[in-house]
Each structure stands twice: as structure tokens, then as C-alpha cells.
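S.K.: just need the structure, nothing else, for what follows:
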Amino acid sequence: MAAPTSENTDVTSASGAEPSVTLMTASASNSAASSSATSGPLLGYDGVAKCTDLQLHSGADWLITALCAISKCNHMWPVSNIDFAGGGDLYDAISADFTTYDLTLASTTTNVKYTDAIGNIADNNGTAWFGGGFDRAIIAMNGPGVDGGKLITNDYSNVTAVETAGMWGLTYLTGQYAVVENIPSNDTTWGKLSNSATWMNKIDGTPVLIRTSDTPDASLKANQYYTLSTMDGTDNVVVWNPSGTGDNSYISIPIGTLKTSSKYLYHLDWAHFFYDVSR
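M.R.: Reported below is the predicted structural model:
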């Protein structure tokens, strides 16, 4: 998988105050094209999957941050799991087949109509509807993270499920084993030790999420998932806020501040992802 090009050039720095992020109210206008239409662009104008084509409306930040993390690593990774079935193309699709994976890594293909992938709770930003399409495909699998035909959210009664869901989201979207880790006390895990590579150097090429603690830095929201997007120099990490809009979704935060603000870390099982290890 090719290393991605960073999507964002303008980021908001952590400064002890709420970032200048616009929290959009859910409406058809910020989710996808008019619901009166029967088809629309699956992806953005450039024909690739990007975080800026996504925005949290369902409440399932664990899934949308996983989709962003995969998209920013390789803009065509999510697209490789989409086939056209109902006519049209990337720029005007009636429906599409979305391939997702259960926790045994078995694949499932779900046909999703454009009209079912837009609306108030679809995780789309602008006119692209691939976010809402993956929402519907995961719901159709009805695995962990889905309850009563809906994606679980942060107010779900089973807190353990909410805190594990980021791991499920990565597996559902990639067909790769994923793990969730408590934030380590060893500072070297979060930074650079001499010139040796650490996991922070992996975030450009592999999806990584965090879930914040009850009392994170003021630039972050409590108990929310964020995508680790890229390094900003040697001491800061750019994170993607799923509730933001476009380039205003990105926040640059010092590594140490991110560490003390995070409760859990989610990533693919690197032993399987980076090396040829038998499953």
C-alpha cells in the first residue's frame, strides 16, 4: 500500500481553548445531495475517498474515524471494497455493492442504494455518499457495534462495547485483525527514541485511532474517537475530529498532550499488517 499524501494543509493547534470547528446540525444539505434525487456522486469531485468527504451524523464516531483513517492512508483503499451494481459510476451512482468483513475476516457484500445512504444520520459531508454507504453495510452485517438496526453511539449502555468498537470498525472495513490498547505509561512509545522508528512513525501508512479520556485537553472532546492523521514536525500529531467540517476538522496537538488526553489506542495488528504472518 502506497504511503498517502496528507490531505490537510490547514490545521488548528491545541491552545487550551476549543478549536474553531463548526459542529454541524444534521440535515440533508450537509449529508449528501438532495434526498429527492435517486443517484449522486459516491466520492468527491476528485474520485477518491477522503476524510473531508466524511462528517459524523450517526453518532458512531468509532466507525467514521476508522473510515477516515483508512481513507487517508490510501485514498483508493475504501474504493477497492465498492462495486457498482445499480447503474451509474463514481460521479452519479444509483447504488453500489459494499464489501465489509466480520470479526472472523469473512467478507459480506451489501447492496446499498443512494437514497438509503443519505439523510440526517448518514456520515457524509458534501455530496459524496460513501460514508453513509459503509454505515448501511455495517448495519446490515448486524455484528458487534450494531444494536436494534442502528450503530451504537457514545451514550450506549454498554460502555465496554463503545470502548471496543474502534477495533471492530477497523476490522469491518479492512478485513484485517485489529487491536485496542490501553495508553502505555512508557513515553518512548509516543515519541521518537533517538532515530529509531516507533509506532508514531507508522500513522501515515496504517490507520490509527484514539479515544479520549474523561478529562482531555481543552482542544479535544471527552470520550470521543479521533483519527491520527499525520505527524506535524517531530513533536506534534495532526488528529481528525469527526464532528468538524472539511479542513477545519484537523487539529495539531503536542504528542505529550495527546498522550495524557487519550484513554485507548486502536490500530491494525501490525504483526499481520506489516509482515507475512500466517493467520
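
S.K.: now the helices for the stretch 51-200 of the chain?
M.R.: 61-73, 130-141, 159-174 (DSSP state H, counting those that start in this stretch).

S.K.: hey, C-alpha coordinates of the shortest one in CSV?
M.R.: As requested, the backbone C-alpha atoms of helix 130-141 are provided in CSV (Å, rounded to 0.1, in the frame of the first residue of the first chain):
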residue,chain,number,x,y,z
PHE,A,130,-19.6,6.5,0.5
GLY,A,131,-19.6,7.3,4.3
GLY,A,132,-23.4,6.6,4.5
GLY,A,133,-22.9,3.6,2.3
PHE,A,134,-20.5,2.0,4.7
ASP,A,135,-22.8,2.9,7.6
ARG,A,136,-25.6,0.9,6.0
ALA,A,137,-23.3,-2.0,5.1
ILE,A,138,-22.0,-2.4,8.7
ILE,A,139,-25.6,-2.2,10.0
ALA,A,140,-26.6,-5.0,7.6
MET,A,141,-23.9,-7.3,9.0
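
S.K.: so which elements touch it?
M.R.: Here helix 130-141 is seen to pack against helix 61-73, strand 95-101, strand 107-113, strand 150-151, helix 159-174 when contacts are counted using 3 or more CB pairs under 8 Å, 6 or more residues apart in numbering; DSSP states H and E. For every residue, glycine as well, the C-beta is placed using N, CA and C.

S.K.: could you report the pLDDT at the closest residue to residue 62 other than its chain neighbours?
M.R.: Computed as CB to CB, 6 or more residues apart in numbering, the closest residue to residue 62 that is not its neighbour in sequence is residue 165, at 3.8 Å. Note for residue 165: predicted pLDDT of 99.

S.K.: closest to residue 253 out of the helices of the stretch 51-200 of the chain?
M.R.: Taking CB to CB as the criterion, residue 253 comes closest to helix 61-73 out of these, the separation being 15.1 Å.

S.K.: which strands or helices does that closest one pack on?
M.R.: Secondary structure elements in contact with helix 61-73, counted by 3+ CB pairs under 8 Å, 6+ apart, are helix 130-141, helix 159-174, strand 208-212, strand 225-232, strand 236-240.

S.K.: 6 Å - rerun?
M.R.: Helices and strands in packing contact with helix 61-73 are listed as helix 159-174, strand 225-232; criterion 3 or more CB pairs under 6 Å, 6 or more residues apart in numbering; DSSP states H and E.

S.K.: residue 94 touches residue 37, doesn't it?
M.R.: No: here residue 94 does not reach residue 37: they are 9.9 Å apart, not a contact under CB atoms under 6 Å.

S.K.: now residue 147. Nearest residue, chain neighbours left out?
M.R.: Distance criterion CB to CB, 6+ apart; nearest residue to residue 147, sequence neighbours excluded, is residue 156 at 7.1 Å.
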